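Engineer: Give the three-dimensional model of this entry:
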Amino acid sequence: KGAELTDDINNDGKFDVGESFAYKIVITNVGALPISANAITVEDIVPDYTLYVPGTSAIYSSYTGLTTPIPDNTVPPSATEFPLDEGGVLINEQLRIDEYFEVTFEVKINADLPGSTTIKNQASVSGLDLQYDPNVEIVIEPPDANSRIGDFIWFDLHGDGVQDAGDPGIPGATVALYDG
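Structural biologist: Modelled structure (predicted):
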């Protein structure tokens, strides 16, 4: 299981409040026989301090090369939209030898994240006397307390995000700040 940023708002390569990332759960058949359809269940949760991004759950099959959306829960008795909780999803395709399924979904980091926080997530993959519990931990650091907005806006000639000698100022620019 892994996690990858999908919406890095400030392009810093770090997991920050308000940004989205995808969890990926890979199930590979390393055995000597195919695993029949409807024998593997994938279950997960939406971790604390994150929100599920509706419509982002999917399963990829290395054998077919196709990605199939996993429909969100939309009717009772489901308590959430997230389709991998409350019993998970049964994979209705055979898993051939040396092939894999990749189950993905996206979450967004909440603004109510307290200080420096570790977001922990553990999935469950089961079937045919198999139980696998992959987990991922992501550390979110709060912004530097010394961060501030400066008084100079410039045209970044090199596109490197750093004010270099020769980068001209932009007179009369208006800066709008938004919460969230």
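
Engineer: Count residues in the vicinity of F21, would you?
Structural biologist: Neighbouring residues of F21 were enumerated by other C-beta atoms under 10 Å; the total is 22. Every residue, glycine included, has its C-beta placed from N, CA and C.

Engineer: buried stuff in the helix or strand containing it?
Structural biologist: In the assignment (DSSP states H and E), F21 maps to strand 20-28. Within strand 20-28, the residues scored as buried using 16 or more other C-beta atoms under 10 Å are S20, F21, A22, Y23, K24, I25, I27.

Engineer: Sketch out the helices for this structure, chain order is fine.
Structural biologist: Taking DSSP state H, the chain contains no helices at all.

Engineer: picking that back up, could you dump the buried residues of strand 20-28 to a markdown table with pLDDT and distance to Y49?
Structural biologist: Listed next are the buried residues of strand 20-28 as a markdown table, based on pLDDT from 0 to 100; distance: C-beta to C-beta, whole Å:
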| residue | pLDDT | distance to Y49 |
| --- | --- | --- |
| S20 | 90 | 13 |
| F21 | 90 | 12 |
| A22 | 91 | 16 |
| Y23 | 90 | 14 |
| K24 | 90 | 19 |
| I25 | 89 | 20 |
| I27 | 88 | 26 |
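
Engineer: one step back: which residues does the strand holding F21 contact?
Structural biologist: Identification of contacts with strand 20-28 by C-beta atoms under 8 Å, 6 or more residues apart in numbering yields 1-7, 15, 40, 42, 44, 53, 56, 91, 95, 98-109, 121, 123, 125, 132, 134, 136, 138.

Engineer: Which among those residues count as buried?
Structural biologist: Buried residues within these, defined by neighbour count using 16+ other C-beta under 10 Å: 1, 3, 5, 15, 40, 42, 44, 53, 56, 91, 95, 99, 101, 103-109, 121, 123, 125, 134, 136, 138.
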